[in-house]
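J.: sequence and predicted structure are below.
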Amino acid sequence: MKLWRVARERVSAVRAVMARNQLRTRTARGRTASVLVCVMAGLMMTVAAIAARGTDLRSDRTADMRDLIISQSRRNEELRAQADELQAEVSALTQQQNAGDFATDLVFAERDASMTPVTGPGIRITLTDAPADVKPPGVADDALVVHQQDIQAMVNALWAGGAEAMSIQGQRVIATTGIKCVGNTVVLHGIPYAPPYVIEAIGDRALMQRALDESPAVTIYRQYVEAYRLGFTVEGVGTLDLPAFSGSTGVRQARPR
């Protein structure tokens with residue numbers, strides 16, 4: 001019985017020693033693994049910092065619509081300059097040919113298509129957003145800025161009043177001109193513009209002013225002017241110089257009337 005008790009005590013002692021050794025082994029492995037994880041994390045952050053060099057690695061995902069519009073507008077300006085050069089070449093060749101009645105008809109066609117500059121008396125309209133300090137409670141921000149429909153209302157009224165030629169922001173308006181709102185800018189012929197928006201029209205000033213006064217769409221805009229202090233000025237000008245249209249008309253073919 002005594003020998004059996006001694007043997008059991010020895011087995012218990014051996015088990016205790018083995019448990020302590022196993023705990024030490026596990027603790028050492030855990031520490032080693034933690035160190036390796038920290039080293040790998042530091043290495044990955046260092047590599048990422050070197051690759052980025054202080055820039056956003058995902059910057060291409062943050063490009064907004066306005067940046068795209070500005071980039072495209074620059075391309076449009078380059079194409080516009082090329083179109084001007086080609087138009088000048090066509091005009092020079094037409095004059096050299098001296099084609100008689102055909103050349104005369106071409107001159108009239110260019111004038112009707114707004115391809116030649118025009119000078120004469122007319123009206124200048126200026127539209128602006130409401131001042132920054134105007135923030136009526138319960139009124140959306142869209143009601144405090146000039147929109148494409150506001151500019152179109154002025155343009156349509158001027159045409160109805162007999163306008164002979166027109167420009168917006170210094171660009172000649174033609175039959176295919178489109179006005180679009182993109183964000184807080186108005187895009188005309190692919191180029192974004194910020195307010196103030198200036199519309200100039202050559203023609204009978206009295207008739208155009210009457211058309212503005214009688215236009216329902218212009219009347220609505222006047223209500224916003226009174227309520228939220230949007231800008232709206234109309235002035236008669238003795239001499240306006242409107243440039244020729246510069247760019248592609250989009251017309252592929254034509255036929256005589």
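T.: Done, it's in. Numbers count the residues shown, from 1 in each chain.
J.: please count neighbours and contacts with C-alpha atoms only from this point.
T.: OK.
J.: the strands in the stretch 101-250 of the chain, which residues?
T.: Using DSSP state E, counting those that start in this stretch, the strands of the stretch 101-250 of the chain run over residues 118-128, 165-168, 171-172, 179-182, 185-188, 191-193, 197-202, 231-242.
J.: for those, please prepare a markdown table with the additional fields distance to residue 222.
T.: Output for the strands of the stretch 101-250 of the chain, formatted as a markdown table (distance: least, Cα to Cα, whole Å):
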| stretch | distance to residue 222 |
| --- | --- |
| strand 118-128 | 11 |
| strand 165-168 | 20 |
| strand 171-172 | 25 |
| strand 179-182 | 20 |
| strand 185-188 | 20 |
| strand 191-193 | 22 |
| strand 197-202 | 16 |
| strand 231-242 | 8 |
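J.: which one of these lies nearest to residue 73?
T.: Closest approach to residue 73 among the strands of the stretch 101-250 of the chain is made by strand 191-193 (4.9 Å; Cα to Cα).
J.: quick revisit: make CSV from the strands of the stretch 101-250 of the chain and add distance to residue 87, mean pLDDT and mean neighbour count to it.
T.: Below are those laid out as CSV (distance: least, Cα to Cα, whole Å; pLDDT from 0 to 100; neighbours: other Cα atoms under 10 Å):
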stretch, distance to residue 87, mean pLDDT, mean neighbour count
strand 118-128, 17, 96, 19
strand 165-168, 20, 94, 24
strand 171-172, 16, 90, 21
strand 179-182, 24, 82, 16
strand 185-188, 21, 84, 19
strand 191-193, 21, 86, 17
strand 197-202, 24, 96, 24
strand 231-242, 18, 95, 16
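J.: excluding chain neighbours, what is closest to residue 130?
T.: Nearest non-adjacent residue to residue 130, counting by Cα to Cα, 6 or more residues apart in numbering: residue 230, 4.2 Å away.
J.: mind checking how far that neighbour is from residue 76?
T.: To residue 76, residue 230 is 31 Å away according to Cα to Cα, to the nearest Å.
J.: same question for residue 197.
T.: Counting by Cα to Cα - residue 197 and residue 76 are separated by 20 Å.
J.: list the beta-bridge partners for residue 119.
T.: residue 241 (DSSP bridges).
J.: so what's it up against?
T.: The contact partners of residue 119, by Cα atoms under 8 Å, 6 or more residues apart in numbering, come to 202, 239, 240, 241, 242.
J.: swap in residue 162?
T.: Contacts of residue 162 (Cα under 8 Å, 6+ apart): 203, 204, 207, 208.
J.: next, format the residues you listed as CSV and append pLDDT and distance to residue 149.
T.: Formatted as CSV, the contacts of residue 162 follow (pLDDT from 0 to 100; distance: Cα to Cα, whole Å):
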residue, pLDDT, distance to residue 149
203, 95, 22
204, 96, 24
207, 97, 22
208, 97, 18
